[in-house]
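Undergrad: Just the structure for this:
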Amino acid sequence: MPAPIQSPRCSLRLAGVFHGVMPRTAGFNSLGVGAMNSSTLLINDVLMFIGGGSAGTAGGIKVTTFALLGFVILAEIRGEPTVHVMNRRITDQVQRQALTVALLGVGAVMAGRIVLLSISSFPLDDVLFETTSAFGTVGMSTGITATGQLVLIALMFIGRLGPITLASALALRDRARRYELPEERPVVG
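TA: Next comes the predicted model:
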């Protein structure tokens with residue numbers, strides 16, 4: 001029995017689904033990452049930075065952290081005093097943990113990007129892709145990994161252990177204040 005003939009649309013859809021899933025965890029690719037368009041690299045950057053599920057071995061800030069920050073933003077836009085998700089209230093402590101993990105992740109990727117941009121002549125798209133891939137422990141590359149290997153190794157280490165260790169340390173640390181300072185309302189935005 002001959003093999004069924006696939007249409008080009010089917011293979012493009014399959015490649016699209018494949019490349020939509022791989023930046024989150026595995027790092028496999030069927031198309032040359034270095035030849036991708038800038039917008040495709042940026043979408044992959046976002047997927048790699050978010051990463052996989054909290055109980056998995058994928059890197060990144062984790063899907064639950066990203067979703068929690070989305071619910072915090074939604075509650076703020078609605079003017080609600082507390083964050084509610086699936087008939088549960090999310091405590092302020094968990095919200096601060098998610099914000100801390102996300103912002104420290106952004107800081108680590110940006111610091112690595114600045115260092116790689118200063119020691120190489122590669123374009124911003126490629127450098128941002130490499131640093132985000134290292135932080136997310138994805139393993140995808142645009143082909144510039146030979147430059148700044150120590151920076152990428154440090155980002156891989158931070159990306160693998162950093163969010164987990166930071167979230168655990170923040171969850172276990174509970175310090176009571178003996179006094180409170182007066183409240184201030186700085187101008188935001």
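Undergrad: where along the protein do the strands fall?
TA: 83-85, 88-90 (DSSP state E).
Undergrad: so can I have TSV of the ones you listed showing mean pLDDT?
TA: Putting these into TSV (pLDDT from 0 to 100) gives the following:
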stretch	mean pLDDT
strand 83-85	94
strand 88-90	94
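Undergrad: Can you tell me which of the ones you listed is most buried?
TA: strand 83-85 (a mean of 15; mean count of other C-beta atoms under 10 Å). C-beta coordinates here come from the backbone N, C-alpha and C atoms, glycine included.
Undergrad: What are the contacting residues of that one?
TA: Residues outside strand 83-85 that contact it (C-beta atoms under 8 Å, 6 or more residues apart in numbering) are Leu68, Phe71, Val72, Ala75, Arg89, Ile90, Gln95.
Undergrad: Most neighbours out of those, which is it?
TA: Of the contacts of strand 83-85, Leu68 is surrounded by the most neighbours, 21 neighbours in total, counting by other C-beta atoms under 10 Å.
Undergrad: residues touching that one, list them.
TA: Val83, Val85, Ile90, Val94, Gln95, Ala98.
Undergrad: Ala35: which of these is nearest?
TA: Ala98 (35.5 Å; C-beta to C-beta).
Undergrad: Distance of the closest one relative to Met110?
TA: Noted for Ala98: a distance of 19 Å to Met110, by C-beta to C-beta, to the nearest Å.
Undergrad: Compare neighbour counts for those two and give me the winner.
TA: Neighbour totals were compared for Ala98 and Met110, and Ala98 leads with 24 against 12 (other C-beta under 10 Å).
Undergrad: picking that back up, make CSV from the contacts of strand 83-85 and add distance to Leu181 to it.
TA: Formatted as CSV, the contacts of strand 83-85 follow (distance: C-beta to C-beta, whole Å):
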residue, distance to Leu181
Leu68, 27
Phe71, 29
Val72, 24
Ala75, 25
Arg89, 26
Ile90, 25
Gln95, 20
